[in-house]
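Trainee: with the input below, show me the fold.
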Amino acid sequence: MNWLRQFLGTLNSKVDPPAGAAMPRPGFLPLEVPVLLVHYFPTRNGNIDRSVTGDVGGSLESIRAHVQATTRRVIDTLEQGSCFRIYRNPSAAPSLRYSVVERLEFLEPLPTWRKPGHPVPMTDYNAVMERIDARTWVTGHGVKEIWIWGYHGGAIDLWESNMAGPWGDISNSDRDSYDLPVFDRTYTVYHYNYGRGTSEAVEDHMHQIEAVLRYVDPDLFWNRFVGRPGEGRCGWAHYPPNGVRDYDWCNRSVVWSDIEDWRPDGGGQKIPINCDRWNGDSLQWFLYWMQSLPGADHGLTWHGRPLSNWWTFIGDFDGAMRGQLGLVE
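Mentor: Next comes the predicted model:
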């Protein structure tokens with residue numbers, strides 16, 4: 001078990017405060033996001049079993065190392081992403097802080113079931129939650145997010161994000177009310193593919209952010225922040241401000257966009273922008289986009305009322321719902 005202690009120590013050395021440091025109180029920044037890591041590594045003779053994963057092989061140790069490094073980079077990206085316009089204000093503070101509570105590993109295939117409408121078996125998330133005793137982690141240890149590292153490869157189907165709780169399922173899934181157990185508080189399950197990298201994992205979070213903010217205020221977020229393709233607003237995961245098709249991260253066409261000075265009324269300064277701003281890299285685009293969301297100390301208003309810190313809906317969804325918080329305070 002030395003590798004497990006080393007794994008958690010490496011992660012927690014990055015995300016936990018120094019000994020004796022005061023933990024933020026509820027409602028104060030950064031908002032705490034406790035995470036439970038769940039790893040499914042179907043193995044045969046010390047290697048990942050490609051006959052199960054469909055397209056991922058290699059030694060168990062190499063996949064463990066890949067998952068460890070990628071998890072660390074995902075945490076870094078999400079925390080940095082919650083720093084409002086840090087590209088203009090290097091002292092901007094993060095609104096979110098991720099901490100790894102525990103890591104559970106299973107050297108077995110993901111459980112699946114035959115869900116109507118899916119050509120391949122669907123991940124059985126209820127079975128996973130039962131296997132890990134999710135109720136205890138969520139209600140007893142305060143876990144808000146469960147990150148499943150698994151596989152895809154055409155062998156199984158999955159949801160990039162899936163939510164359950166007293167407010168329903170607001171996620172990048174089919175929003176099936178019965179595919180996760182419901183507790184007295186909200187938790188979100190992210191399902192990563194260890195055949196891919198940091199960008200694909202962060203993209204799961206991008207789509208969850210989009211789903212939640214669109215649910216809270218579709219006009220302010222989707223119509224005014226995201227905007228229509230080519231309109232010169234902020235875009236979304238697949239469509240940067242100059243995007244004309246899905247995944248258009250390398251588009252060199254220049255448009256004038258207010259992403260770095262976005263205001264709901266469209267009165268912010270526009271700048272010429274193309275993929276050079278994020279080096280044509282999807283992960284850098286995701287980071288740049290997240291940093292443009294209204295975060296701590298944003299100073300933005302709409303019809304004379306301040307906008308809320310939109311990261312509250314990611315870091316404390318239940319608190320935001322109980323307090324009837326909107327994207328405008």
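Trainee: for the helix ranked longest in the chain, list every residue counted as buried.
Mentor: Using DSSP state H, we find that the single longest helix of the chain is helix 60-81. Buried residues in helix 60-81, counting neighbours by 16 or more other C-beta atoms under 10 Å, are found at 60, 63-64, 66-68, 70-75, 77-79, 81. Glycine gets a C-beta too; all of them are placed from N, C-alpha and C.
Trainee: what of stretch 138-148?
Mentor: Val138, Val143, Lys144, Glu145, Ile146, Trp147, Ile148.
Trainee: need the per-residue pLDDT for the residue of the chain most remote from its centre.
Mentor: Distance from the centre of the chain peaks at Asn45, with 33.5 Å (C-alpha atoms, centre = their mean). Looking at Asn45, its pLDDT stands at 96.
Trainee: neighbours around the closest residue to Ser292 other than its chain neighbours, how many?
Mentor: Distance criterion C-beta to C-beta, 6 or more residues apart in numbering; nearest residue to Ser292, sequence neighbours excluded, is Ile259 at 5.2 Å. Counted with other C-beta atoms under 10 Å, residues neighbouring Ile259 total 23.
Trainee: Ile259 against Ile273, yeah?
Mentor: Yes. Between Ile259 and Ile273 a contact is recorded at 6.9 Å, counting by C-beta atoms under 8 Å.
Trainee: name the residues contacting each of the two.
Mentor: The contact sets of Ile259 and Ile273 overlap at Pro241 (C-beta atoms under 8 Å, 6 or more residues apart in numbering).
Trainee: can you give me the strands for the stretch 151-300 of the chain?
Mentor: 161-164, 187-193, 255-257, 271-273 (DSSP state E, counting those that start in this stretch).
Trainee: with mean neighbour count added, can I get those strands in TSV?
Mentor: TSV is the format used below for the strands of the stretch 151-300 of the chain (neighbours: other C-beta atoms under 10 Å):
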stretch	mean neighbour count
strand 161-164	24
strand 187-193	25
strand 255-257	20
strand 271-273	17
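Trainee: show me the domain layout of this protein.
Mentor: 30-212, 217-293 (automatic domain parsing).
Trainee: returning to what we had before: ok, now which ones touch the residue nearest to Ser292?
Mentor: Ile259 is in contact with Arg233, Cys234, Gly235, Pro241, Ile273, Tyr288, Trp289, Ser292, counting by C-beta under 8 Å, 6+ apart.
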